[in-house]
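Enquirer: Give me a 3D structure for the following:
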Amino acid sequence: MHIQPIQNEYEKEIVDLILNIQQKEFNVPITIEDQPDLLEIENFYFKPGGTFLGAFIDGKLVGTIALVKFNSEAGAIRKMFVKKEFRGKEFAIAQHLLEQLIAYSEENGIKNLYLGTVSILQAALRFYEKNNFVTISKEKLPVDFPLMKPDNVFCHLQLNSK
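Expert: Numbers count the residues shown, from 1 in each chain. Okay, the predicted model is just below:
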């Protein structure tokens, strides 16, 4: 497995991976029109100081994770998706993606990571809890946190300051 920052040269693969998981696997009523960030990765993620990482096996995109830096010390995790056949401890793709995103965050002065997800994604919630994220109420989110319409569960991780 190889993880690297990716931008819109992988747009088709990114959109296919994410929409298939959202729509077909989990029946989340979301479209590409609801996620314009996927068509503007450089402007939406990289320019403000975030990143968008892709995990590749044999040259094929099998997982993604992204960071939206929304203020000088905080970021929002977005677009954490791994193809069904590559999930689990055997591959540990989600774990490697998260670890790289945390390392990037620490290197870039981010002290707090937040994320929003939907309650039906129980495996994702367990994964975040195992990685020391704490579930918080929507009211405890920073005022500048970039909310996504379908999200109804929110998590926070305080990073070690270096």
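Enquirer: can we go C-alpha only for contacts and neighbour counts from here?
Expert: Fine.
Enquirer: so where do the strands sit in this structure?
Expert: For the chain, the strands defined by DSSP state E occupy 2-5, 51-57, 60-71, 74-82, 112-117, 134-136, 153-158.
Enquirer: can you list the weak-confidence ranges in the protein?
Expert: Low-confidence segments of the chain, defined by pLDDT under 70, are located at 161-162.
Enquirer: now the longest helix seen in it, how far from the centre of its chain.
Expert: If you go by DSSP state H, the chain has its longest helix at helix 93-107. From the chain centre to the centre of helix 93-107 is a distance of 10 Å (Cα atoms, centre = their mean, to the nearest Å).
Enquirer: Buried residues, that helix. List them.
Expert: Residues 93, 94, 95, 97, 98, 100, 101, 102, 105, 106 are the ones in helix 93-107 that count as buried (16 or more other Cα atoms under 10 Å).
Enquirer: any chance of those residues in CSV, with distance to residue 1 too?
Expert: Putting the buried residues of helix 93-107 into CSV (distance: Cα to Cα, whole Å) gives the following:
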residue, distance to residue 1
93, 8
94, 12
95, 12
97, 11
98, 14
100, 13
101, 16
102, 18
105, 21
106, 23
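Enquirer: ok, back up a step: can you list the strands of the chain in JSON lines and add distance to residue 15 and mean neighbour count?
Expert: Output for the strands of the chain, formatted as JSON lines (distance: least, Cα to Cα, whole Å; neighbours: other Cα atoms under 10 Å):
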{"stretch": "strand 2-5", "distance to residue 15": "16", "mean neighbour count": "14"}
{"stretch": "strand 51-57", "distance to residue 15": "12", "mean neighbour count": "21"}
{"stretch": "strand 60-71", "distance to residue 15": "11", "mean neighbour count": "22"}
{"stretch": "strand 74-82", "distance to residue 15": "10", "mean neighbour count": "21"}
{"stretch": "strand 112-117", "distance to residue 15": "18", "mean neighbour count": "23"}
{"stretch": "strand 134-136", "distance to residue 15": "28", "mean neighbour count": "16"}
{"stretch": "strand 153-158", "distance to residue 15": "23", "mean neighbour count": "20"}
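Enquirer: what inclination does the longest helix of the chain have with respect to strand 51-57?
Expert: 150 degrees (axes from the mean of the first three to the mean of the last three Cα atoms, to 10 degrees).
Enquirer: what helices or strands is helix 93-107 leaning on?
Expert: If you count contacts as 3 or more Cα pairs under 8 Å, 6 or more residues apart in numbering; DSSP states H and E, helix 93-107 packs onto strand 51-57, strand 60-71, strand 74-82.
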